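# the following block contains a protein sequence and its predicted model.
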Number of protein chains: 4
Amino acid sequence: MKDKELFEASLKVRSYECDSYGHVNNAVYLNYLEYGRVELLGEKGLSLERIKKKGVFIVIRRVEIDYKAAAREGDELVVRTYLKGHTKMKGVFCQEILKKSDHTVVAKADVTWVFTNLNGRLVPIPEFFRDALGL
Amino acid sequence: MKDKELFEASLKVRSYECDSYGHVNNAVYLNYLEYGRVELLGEKGLSLERIKKKGVFIVIRRVEIDYKAAAREGDELVVRTYLKGHTKMKGVFCQEILKKSDHTVVAKADVTWVFTNLNGRLVPIPEFFRDALGL
Amino acid sequence: MKDKELFEASLKVRSYECDSYGHVNNAVYLNYLEYGRVELLGEKGLSLERIKKKGVFIVIRRVEIDYKAAAREGDELVVRTYLKGHTKMKGVFCQEILKKSDHTVVAKADVTWVFTNLNGRLVPIPEFFRDALGL
Amino acid sequence: MKDKELFEASLKVRSYECDSYGHVNNAVYLNYLEYGRVELLGEKGLSLERIKKKGVFIVIRRVEIDYKAAAREGDELVVRTYLKGHTKMKGVFCQEILKKSDHTVVAKADVTWVFTNLNGRLVPIPEFFRDALGL
């Protein structure tokens, strides 16, 4: 993946994702972001299944999320994801959630991830992963 | 576990478990029931970890749940679980969710479970499991 | 809606809906069923918003669900819903969740619903609702 | 609430909150943080119900969360919350999630919140809220 290559995943807000205000619950946006990342990785041949079989875990280290507008049941959303940067040991995805109808930005996040082995020890970003993303 | 031996687990309804009506979402009650079963099994030395290590899965086959009253954020609930019956191949837990304050029954369920091996094939209830529950 | 008229809603299993077995968690299927019903009702002009504005709640009274096969992350599923029957006071939706790829039945459920007013008192199925569904 | 006054809420990780790695899912920690805040506010007489009745919403604007260690099914956790700072228009809670057993820090977050009226327009932190927290 070249820097700034943008990946989009679509979804529709479901009734049970909304809280008693009728708004999508704050934690649910992290689910949406995960969905966007998993779709991107799947597109690159990096299913969670395959990553696990390689003997490593991809682990989220930090999330900074700004909530900009409320989404509600039935809203069609797009999750945009691109690779903001990376070092040997970690990478950062920049992700945005927008309303399909009018492109209102609902939330914006930077998500930092690392790799560990099965014992939870930090390891560099694996070769197969760098290759698949073109890092 | 002798038949009718009753196990109780307590919990408090959390804000994010409520839907836009301000009521606990229907699916969340299944989470509560699972919590009640896991607590009961843990009490008997049957952690999910241990069951997995034995090379089997405990799998839910059927749930019949009646919703009797609404629970809301902050409500203190009790999940009551007892073994209603069992054969060589399956068992049924009867579970009730009540409000701690006035014993209103919120939901009542029969939950049928079986065991499979790691390939998903049905197996009889394993020895170690029968022993732990006194079946 | 004439009896047996079938409504289909599609979805894809998301990573965070799977438990430590890698299977969709039992409670999540109830979310999928709710999604199927909300889509059907939306199609008929019966958004939850509109129902609420009419001063009534649609409330689930009973769910009987049989789990037939496991679904996993990435599986494409279809939720099929049709009205199985109704009286003045309640209705029953029959719902099936299938894998899109090979039509494996993942789960099958009967879902009984009623209406209440805003104080939680049972009321007959409202006129506007019967009309929209052709009951 | 005087600055640095610390509030603690306890919880136990439930099976259905864990993902296919057997770890608590990232989004679930935001649920735990919400639980910690709701418990703190409840302690001060600020139930979500009461806040809503005052004609305002408390809305999360930004979350920065660092994931430090993995929690697993059955882990006993503590959510520590204190007010880090506030202006007329917003406040920041600092929250930590720790394992009860050995005080391992599982996650650490800064959570920024604001108030809106029922139309979603920003309003200053209301009087009754400042009073209850001693701001």
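Cool, the structure landed.
# what secondary structure does the most centrally placed residue in chain A sit in?
The centre of chain A sits closest to residue A:37, judged by CA atoms, centre = their mean, with a distance of 3.3 Å. With DSSP: H, G, I helix; E, B strand; the rest coil as the basis, residue A:37 sits in helix.
# I'd like the distance between it and residue D:108.
22 Å (CB to CB, to the nearest Å). For every residue, glycine as well, the C-beta is placed using N, CA and C.
# again, but for residue A:111
Applying CB to CB to residue A:111 and residue D:108 gives a distance of 16 Å.
# neighbour count winner among these two?
Comparing residue A:111 with residue D:108 by other CB atoms under 10 Å in any protein chain shown, the one with more neighbours is residue A:111, at 23 against 17.
# so which strand or helix has the more buried one?
strand A:105-117 (DSSP states H and E).
# report the rounded mean pLDDT for that strand.
Across strand A:105-117, pLDDT averages out at 97.
# mind listing what's buried along it?
A:106-115 (16 or more other CB atoms under 10 Å in any protein chain shown).
# what about the helix or strand of chain A with the lowest mean pLDDT, near chain D?
Lowest by mean pLDDT, DSSP states H and E among the helices and strands of chain A is helix A:48-53, with a mean of 88. Yes. Remark: helix A:48-53 sits within contact range of chain D at A:48, A:52, by CB under 8 Å from any CB of the partner chain.
# packing partners for that helix?
Here helix A:48-53 touches helix A:26-43, strand A:56-67, going by 3 or more CB pairs under 8 Å, 6 or more residues apart in numbering or on different chains; DSSP states H and E.
# would stretch A:99-119 count as contacting chain C?
No. No part of stretch A:99-119 sits near chain C under the criterion CB under 8 Å from any CB; the closest distance found is 13.7 Å.
# okay, residue A:73: pLDDT?
89.
# what residues does chain A have near chain C?
A:14-16, A:31, A:34-35, A:38, A:42, A:47-49, A:73-74.
# returning to what we had before: adding distance to residue D:87 and mean pLDDT, write the helices and strands packed on helix A:48-53 out as CSV.
Formatted as CSV, these follow (distance: least, CB to CB, whole Å; pLDDT from 0 to 100):
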stretch, distance to residue D:87, mean pLDDT
helix A:26-43, 21, 96
strand A:56-67, 17, 96
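# nearest to residue B:6, out of the ones you listed?
helix A:26-43 (33.7 Å; CB to CB).
# need the residues that contact that closest one.
Helix A:26-43 is contacted by residues A:7, A:9, A:11, A:17, A:47-48, A:51, A:63, A:65, A:67, A:77, A:79-81, A:93, A:95, A:97, A:106-107, A:109, A:111, B:16, C:14-16, C:73-74, D:25-28, D:30-31, D:34, D:60, D:63 when judged by CB atoms under 8 Å, 6 or more residues apart in numbering or on different chains.
# repeat that with 6 Å
For helix A:26-43, contacts defined as CB atoms under 6 Å, 6 or more residues apart in numbering or on different chains pick out A:7, A:9, A:17, A:79, A:81, A:95, A:97, A:107, A:109, C:14-16, D:26-27, D:30-31, D:60.
# same question for stretch A:120-130.
Stretch A:120-130 is contacted from outside by A:56, A:88-89, A:114-117, using CB under 6 Å, 6+ apart.
# got the end-to-end distance for that stretch?
20 Å (CA to CA, to the nearest Å).
# for chain D, what are the nearby residues on chain A?
Neighbours of chain D within chain A, by CB under 6 Å from any CB of the partner chain: A:26-27, A:30-31, A:60-67.
# which pLDDT value belongs to the nearest residue to residue A:114 once chain neighbours are set aside?
Nearest-residue entry for residue A:114: residue A:90, 4.7 Å, with adjacent residues in sequence omitted and distances by CB to CB, 6 or more residues apart in numbering or on different chains. At residue A:90, the model reports a pLDDT of 97.
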